[in-house]
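let's see this in three dimensions:
(one chain, ligands or ions: 2)
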Amino acid sequence: METLPGLSRGILPEIAEHPEKVIQFGGGNFMRAFVDWQLQKMNDQGLFGGSAVLVQANSPRTDPNFAKQDHLFTVLLSGIENGEVVDRAEIVSSIRRSVNPYQDYAEYLALADNDRLSFIVSNTTEAGIVYRSEERPEERAPSGFPAKLTALLHRRYMLGKPGFTVIPCELIDRNGERLLEIVNKHADDWNLGKAFTSWLNTQNTFCCSMVDRIVPGFPHGREQELAARFGYADKLAVTAEPYMLWVIEGPESLQDQLPLARAGLNVIFTPDMTPYRERKVHLLNGPHTAMVPLGLLAGLETVEDVMKDEDFYAFIRLLIEQELIPMLPLPLDELEPYAQSVLERFRNPSIRHELRSISLNSISKFKARLLPILLRFARERGELPPRITSAFAALLYSYRGDKIPPQDEASVTAIFDRAWSDPNRFVTDILSETSLWGVDLNKVPELATRLESHIRELESSGPRTLLHQLV
Ligand SMILES: NC(=O)c1ccc[n+]([C@@H]2O[C@H](COP(=O)([O-])OP(=O)(O)OC[C@H]3O[C@@H](n4cnc5c(N)ncnc54)[C@H](O)[C@@H]3O)[C@@H](O)[C@H]2O)c1
Ligand SMILES: O=P(O)(O)OC[C@@H](O)[C@@H](O)[C@H](O)[C@H](O)CO
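Numbering: from 1, shown residues only. Ligands and ions are numbered 1, 2, ... in the order given. Next comes the predicted model:
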């Protein structure tokens with residue numbers, strides 16, 4: 001492998017250069033294999049003719065591999081597509097350059113000056129679209145993503161330029177509206193004035209969107225094999241399943257400016273994405289988030305391990321059939337085939353989807369993906385959903401940090417550290433944390449008692465014993 005060059009424009013035949021049209025916050029695995037890959041598809045067909053500028057959303061350090069590889073990377077699509085086994089490697093060249101607001105704030109703000117930049121996309125995880133009050137920035141970049149966006153939009157407004165179309169990809173309910181709401185709060189906090197907020201709310205389009213593609217990320221362990229296959233080493237390679245769906249709630253005219261569907265991509269522009277979102281977040285992401293703490297505590301490593309394990313497979317199937325599907329307000333003929341496809345996608349042997357990677361920011365994920373169903377179930381049935389409750393107990397237990405180091409925001413792990421300092425009060429203390437759950441969960445009848453009992457069981461007998469009572 002040492003003899004093979006790294007991926008760069010130098011080793012490739014000519015790559016088309018396109019003007020910058022898109023600002024993207026975040027250059028993580030998902031963004032590269034989803035948004036950038038789709039920009040590439042449109043460009044390859046001569047339908048868009050635009051590239052993206054990558055903005056580092058939360059870190060003073062930009063991955064040096066972007067610059068080393070001239071912002072090129074390979075997307076490896078593996079799995080079943082239209083009944084056929086596919087294993088394709090596609091080079092994506094749609095990111096043109098990166099800007100790090102922490103290193104060069106002026107360069108970041110200057111993005112507002114370019115009229116051609118008219119789209120903003122983001123994927124900063126569920127932890128990125130949150131409101132945290134902060135000072136109006138002067139010379140330095142604000143820390144939160146919405147605050148950075150506010151500063152950029154304000155500059156755009158001051159220059160008298162047209163607004164942007166903003167399409168967030170974070171798996172948060174009504175992500176576009178939520179982001180706009182937070183930008184408005186920063187604008188208020190910073191006294192940016194009524195004229196600005198009026199421009200913000202009328203001259204910019206914040207679309208809600210829902211994304212669906214399983215993107216396990218870097219093909220760890222396959223570096224040598226892939227370098228030999230490609231003829232170059234790629235530190236930014238990303239594996240993904242062939243399936244993709246992007247549902248965008250926005251004006252009809254958006255289809256002309258962003259001809260994703262015309263490029264043959266599975267993109268739906270709709271006036272109401274709610275049913276698509278509910279189906280996906282609860283039937284696909286929900287089971288992911290449920291399997292992570294139990295699976296990791298049981299020593300499993302990947303989604304495929306979970307699906308091959310008889311106990312876990314039964315747990316996931318029953319979770320979907322008995323607790324998730326009955327709580328979703330969609331016809332069964334829309335839910336059941338999707339649930340079936342999810343089980344098949346989870347079993348895709350070509351992609352190694354690490355439970356650890358899904359575990360990132362698990363608390364906000366639980367809140368978005370499973371908690372609404374738990375609350376709905378408790379309200380409608382007058383009882384608790386046993387599998388969601390067990391997964392919740394395993395999640396809280398895993399955040400004690402002695403068996404699995406939690407990967408979450410420092411502010412979240414600090415709350416857990418404090419609560420775990422008194423194990424006897426842990427459950428009631430943590431359930432009362434409205435900053436984590438949005439509500440005081442001690443108000444849900446029987447929940448604290450049930451979680452305490454599951455946690456005791458996890459501690460004394462481990463996750464399998466708990467699972468055996470549920471399958
Ligand atoms: N991987 C998938 O299968 C997949 C599929 C659909 C949606 N998603 C979405 O992608 C997210 C995970 O992204 P990934 O798989 O690319 O992981 P990743 O770790 O490769 O990327 C995460 C990105 O989020 C940024 N980020 C993390 N915390 C942030 C914060 N507090 N503020 C601002 N930016 C922050 C990071 O800088 C990075 O760019 C999920 O939370 C979900 O919203 C992922
Ligand atoms: O990407 P995350 O970390 O928010 O969540 C992990 C998975 O649930 C998620 O990535 C799914 O694979 C994806 O949402 C499928 O479209």
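
roughly how far apart are the residue in the chain that ligand 2 sits nearest to and Ile404?
Nearest to ligand 2 in the chain, going by CB to the nearest ligand atom, is His288, at a distance of 3.6 Å. All C-beta atoms are positioned from the backbone trio N, CA, C, and that covers glycine. The gap separating His288 from Ile404 is 16 Å, by CB to CB, to the nearest Å.

C-alpha coordinates for the helix or strand hosting the residue of the chain closest to ligand 2, PDB please?
Element membership for His288, per DSSP states H and E: helix 286-297. Only the C-alpha atoms of helix 286-297 are listed here, as PDB (Å, rounded to 0.1, in the frame of the first residue of the first chain):
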ATOM      1  CA  GLY A 286     -35.800   3.600  16.500                       C
ATOM      2  CA  PRO A 287     -34.700   0.000  16.300                       C
ATOM      3  CA  HIS A 288     -31.100   1.100  15.700                       C
ATOM      4  CA  THR A 289     -31.100   3.200  18.900                       C
ATOM      5  CA  ALA A 290     -32.800   0.400  20.800                       C
ATOM      6  CA  MET A 291     -30.300  -2.300  19.800                       C
ATOM      7  CA  VAL A 292     -27.200  -0.200  20.600                       C
ATOM      8  CA  PRO A 293     -27.000  -0.200  24.400                       C
ATOM      9  CA  LEU A 294     -28.300  -3.700  24.800                       C
ATOM     10  CA  GLY A 295     -26.100  -5.000  21.900                       C
ATOM     11  CA  LEU A 296     -23.000  -3.300  23.200                       C
ATOM     12  CA  LEU A 297     -23.600  -4.500  26.700                       C
END
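
do the helix or strand following that helix and ligand 1 come into contact?
Downstream of helix 286-297, the first helix or strand assigned by DSSP H and E is helix 303-308. No. Counting by CB under 6 Å from any ligand atom, ligand 1 has no neighbours in helix 303-308; the shortest distance is 10.1 Å.

show me how far the following helix or strand past helix 303-308 is from its chain's centre.
Using DSSP H and E, the next helix or strand after helix 303-308 towards the C-terminus is helix 310-318. Relative to the mean C-alpha coordinate of its chain, helix 310-318 is positioned 25 Å out (CA atoms, centre = their mean, to the nearest Å).

now swap in stretch 454-461 and tell me
Counting by CA atoms, centre = their mean, stretch 454-461 is centred 31 Å from the centre of its parent chain.

sorry, back to before: pretty sure the residue of the chain closest to ligand 2 contacts Val303?
Yes. In this structure His288 lies within contact range of Val303 using CB atoms under 8 Å: 7.1 Å.

overlap in contacts of the two?
Ile358 (CB atoms under 8 Å, 6 or more residues apart in numbering).

mind checking which of the two has more residues around it?
A direct count of neighbours by other CB atoms under 10 Å for His288 and Val303 places Val303 higher, at 28 against 22.

quick check: Leu179 touching Pro168?
Yes. Between Leu179 and Pro168 a contact is recorded at 5.3 Å, counting by CB under 8 Å.

sorry, back to before: contacting residues for the residue of the chain closest to ligand 2?
303, 358, 369.

now tabulate these in CSV and tack on distance to Asp113 and pLDDT.
Listed next are these as CSV, based on distance: CB to CB, whole Å; pLDDT from 0 to 100:
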residue, distance to Asp113, pLDDT
Val303, 44, 96
Ile358, 39, 95
Arg369, 39, 95
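
out of those residues, who's nearest Glu383?
Proximity of the contacts of His288 to Glu383 (CB to CB) peaks at Arg369, which lies at 20.5 Å.

what's the neighbour count on that closest one?
25.

tell me the spacing between it and ligand 1.
10 Å (CB to the nearest ligand atom, to the nearest Å).

next one: Pro372
16 Å.

please apply the same query to Thr270.
From Thr270 to ligand 1 the distance is 18 Å (CB to the nearest ligand atom).

mind listing what that residue touches?
By CB under 8 Å, 6+ apart, the residues touching Thr270 are 247-249, 276.

would you point out the most distant pair within those?
Ile248 and Tyr276 (10.2 Å).

need the overlap of contacts for those two.
With CB under 8 Å, 6+ apart, Ile248 and Tyr276 have common neighbours 268, 270.

between those two, who's got more neighbours?
Legend: neighbour count by other CB under 10 Å for Ile248 and Tyr276, higher for Ile248 (24 against 21).

for Thr74, name its beta-bridge partners.
With beta bridges defined as DSSP bridges, Thr74 has these partners: Ile91.

surely it is in contact with Arg88?
No. With contacts counted by CB under 8 Å, Thr74 stays clear of Arg88, the gap being 10.0 Å.

which one's more surrounded, those two?
Applying other CB under 10 Å to Thr74 and Arg88 shows that Thr74 carries more neighbours, namely 22 against 11.

now do the contacts for Glu135.
Pro142.
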